[in-house]
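Would you be able to build a 3D model of this:
(one chain, ligands or ions: 1)
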Amino acid sequence: MKTARIKNSIEEFPIGKIVCVGRNYSEHAKELGNEVPEKPVLFLKPASAVIYSGGEIIHPDYGNELHHEVELVLLIGDSIKNADKAQAEKAIIGYGVGLDMTLRDVQNELKKKGNPWTLAKCFDTSAVISDFILKKDYQLKPDEKLELKVNGTVKQSDTLKSMIFNPTEIVEYISSVMKFEKGDLIFTGTPAGVNKVNRGDKLEAKLGEVAELICKVI
Ligand code: MG
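Prediction:
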């Protein structure tokens with residue numbers, strides 16, 4: 001079973017579901033030719049797709065454009081359903097940085113056919129996560145920077161201020177659809193700058209100074 005690991009702690013949370021938000025930064029929605037949504041666009045990843053910093057992203061052989069999407073990841077610590085703002089805020093107990101690896105060419109074909117994004121988003125190693133920092137130890141700032149480097153070059157860089165839906169709004173909304181349980185994760189969407197990676201590339205992602213990960217594409 002995959003777990004969410006806590007920075008500087010032996011504490012671990014078994015990961016339940018992983019809910020992902022699409023198109024949560026307007027510049028990224030535009031770069032892929034999508035409308036800015038009125039409600040968060042949601043999809044799921046299986047917990048079995050998780051790998052950690054130091055791991056290897058296995059490039060699936062049924063797609064040619066494997067894209068990086070760096071994202072703020074939320075760790076949920078409570079069982080909640082139909083949460084109000086205060087309950088949503090309280091249920092978020094930690095933060096990390098993650099990569100929502102996406103087969104863009106496959107996703108574009110699926111979109112055209114009106115099919116689910118499973119093949120593009122849910123393959124093994126498609127969810128890379130850092131260790132999490134607990135909210136009780138660190139309060140995330142609104143202007144916290146999210147950054148991704150490929151082979152040492154910055155490819156994505158933005159602050160959390162650019163999010164269309166903030167973490168509390170995301171949790172409130174998702175909890176109106178499905179129950180959250182302790183150990184669930186939320187990938188909160190990616191800023192502009194998504195791009196293709198190749199086998200051999202080294203990816204480094206950072207959330208401010210509090211969370212980071214390094215991995216390689218094979
Ligand atoms: Mg994403």
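
anything in the lengthiest strand in the chain sitting right up against the ion?
Longest strand of the chain, by residue count under DSSP state E: strand 92-100. Yes: using Cβ under 5 Å from the ion, we find that strand 92-100 touches the ion at residue 100. For every residue, glycine as well, the C-beta is placed using N, CA and C.

ok, that strand: who's next to it in the sheet?
Next to strand 92-100 in the sheet, as set by DSSP bridges, lie strand 70-76 (antiparallel), strand 127-129 (antiparallel), strand 133-134 (antiparallel).

backbone phi and psi for the residue nearest to the spatial centre of the chain, please?
Note on the chain: the residue nearest the mean C-alpha position is residue 187, at 2.9 Å, using Cα atoms, centre = their mean. Per-residue torsions, residue 187: phi -90, psi 120 (degrees, to the nearest 10).

just to revisit the earlier point, list just the one of the strands paired with strand 92-100 that sits closest to the ion.
strand 70-76 (5.6 Å; Cβ to the ion).

one step back: any chance of the strands paired with strand 92-100 in TSV, with distance to the ion, mean pLDDT and mean neighbour count too?
Below are these laid out as TSV (distance: least, Cβ to the ion, whole Å; pLDDT from 0 to 100; neighbours: other Cβ atoms under 10 Å):
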stretch	distance to the ion	mean pLDDT	mean neighbour count
strand 70-76	6	98	26
strand 127-129	10	98	28
strand 133-134	21	96	20
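
beta partners of the residue nearest to the centre of the chain?
Beta-bridge partners of residue 187, as defined by DSSP bridges: residue 20, residue 73.

Double-check it against residue 17; I have them as touching.
No: with contact defined as Cβ atoms under 8 Å, residue 187 does not count as touching residue 17 (11.3 Å).

Which residue ranges of the protein form helices?
26-31, 85-91, 104-113, 118-121, 167-175 (DSSP state H).

Could you check how far the residue in the chain positioned nearest to the ion is from residue 89?
For the chain and the ion, the shortest gap (Cβ to the ion) falls at residue 100, measuring 3.5 Å. Relative to residue 89, residue 100 is positioned 23 Å away (Cβ to Cβ, to the nearest Å).

Settle it for me: which of these two has more neighbours?
residue 100 (26 against 15; other Cβ atoms under 10 Å).

Which positions in this structure make contact with the ion?
69, 100, 190.

Redo the residues you listed as a markdown table? Include distance to residue 128 and pLDDT.
Output for these, formatted as a markdown table (distance: Cβ to Cβ, whole Å; pLDDT from 0 to 100):
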| residue | distance to residue 128 | pLDDT |
| --- | --- | --- |
| 69 | 10 | 98 |
| 100 | 9 | 98 |
| 190 | 13 | 96 |
